[in-house]
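Novice: What would the 3D arrangement of this be:
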Amino acid sequence: MERERHEPTFGKPDLHDVHFRSDRSRPIRRTEPTSPWIYMGVGAVLLIAIAMGLIEWNAGRQAAAMTRELTRPMTAKEEAQFNADMQKFDQEFRAAMQKAAPQPRVITLPAADPAPQPLRPGERCIQGRRFQRIEGGWRDRPNDPC
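Specialist: Residues are numbered from 1 along each chain as shown. Just a heads-up that it's a prediction; the model follows:
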């Protein structure tokens, strides 16, 4: 099946068959008025962000002030008070350590390994381990050496 191919031809256009769309055929785009809730939501988010920024800024100022206070050198009066407090703490600490120190105890060691008991009927000694005859085999008795 062979199809015949038609090439386009360019000639004088016939404008009787051409129809232009009028402006009325295009849908009119109407924008709805923006809801005030959107503005209120954006405003609330903005206020929260500003409040968080102020809180962080204030915390940074306080941390810087505390750092300055802690790193400044002590005055002579403060140093004397500090040394007195340290001596008092040292004495209290030593007294507490004396109370908490363990008292020496006398430790009595148990007697050396007791003499092994002689084998009873139904027992065997294999390589220093005691075995007892039970129904169907032998039972190891590790706490009773022979």
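
Novice: ranges for the strands of this protein?
Specialist: Per DSSP state E, the chain carries strands over the ranges 123-126, 129-134, 137-141.

Novice: between those strands, which one is nearest to E32?
Specialist: E32 sits nearest to strand 137-141 of all the strands of the chain, at 91.6 Å, using C-beta to C-beta. Using the backbone N, CA and C atoms, a C-beta is placed for each residue, glycine as well.

Novice: returning to that earlier point: make TSV out of the strands of the chain and add mean pLDDT, mean neighbour count and distance to K12.
Specialist: Shown next, in TSV, are the strands of the chain (pLDDT from 0 to 100; neighbours: other C-beta atoms under 10 Å; distance: least, C-beta to C-beta, whole Å):
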stretch	mean pLDDT	mean neighbour count	distance to K12
strand 123-126	88	13	124
strand 129-134	90	14	122
strand 137-141	89	11	118
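
Novice: among those strands, which is nearest T31?
Specialist: Of all these, it is strand 137-141 that lies closest to T31, at 94.2 Å by C-beta to C-beta.

Novice: which strands and helices sit next to the closest one?
Specialist: Helices and strands touching strand 137-141, by 3 or more C-beta pairs under 8 Å, 6 or more residues apart in numbering; DSSP states H and E, are strand 129-134.

Novice: ok and the strand it packs on relative to strand 137-141, angle-wise?
Specialist: Relative orientation of strand 129-134 versus strand 137-141 (axes from the mean of the first three to the mean of the last three C-alpha atoms, to 10 degrees): 140 degrees.

Novice: Partner strands of strand 129-134, with direction?
Specialist: Sheet pairing of strand 129-134 (DSSP bridges) gives strand 123-126 (antiparallel), strand 137-141 (antiparallel).

Novice: what's the offset of the first one from the middle of its chain?
Specialist: Yep, that's strand 123-126 we're talking about. Computed by C-alpha atoms, centre = their mean, to the nearest Å, the chain-centroid distance of strand 123-126 equals 59 Å.

Novice: All good on my end, thank you.
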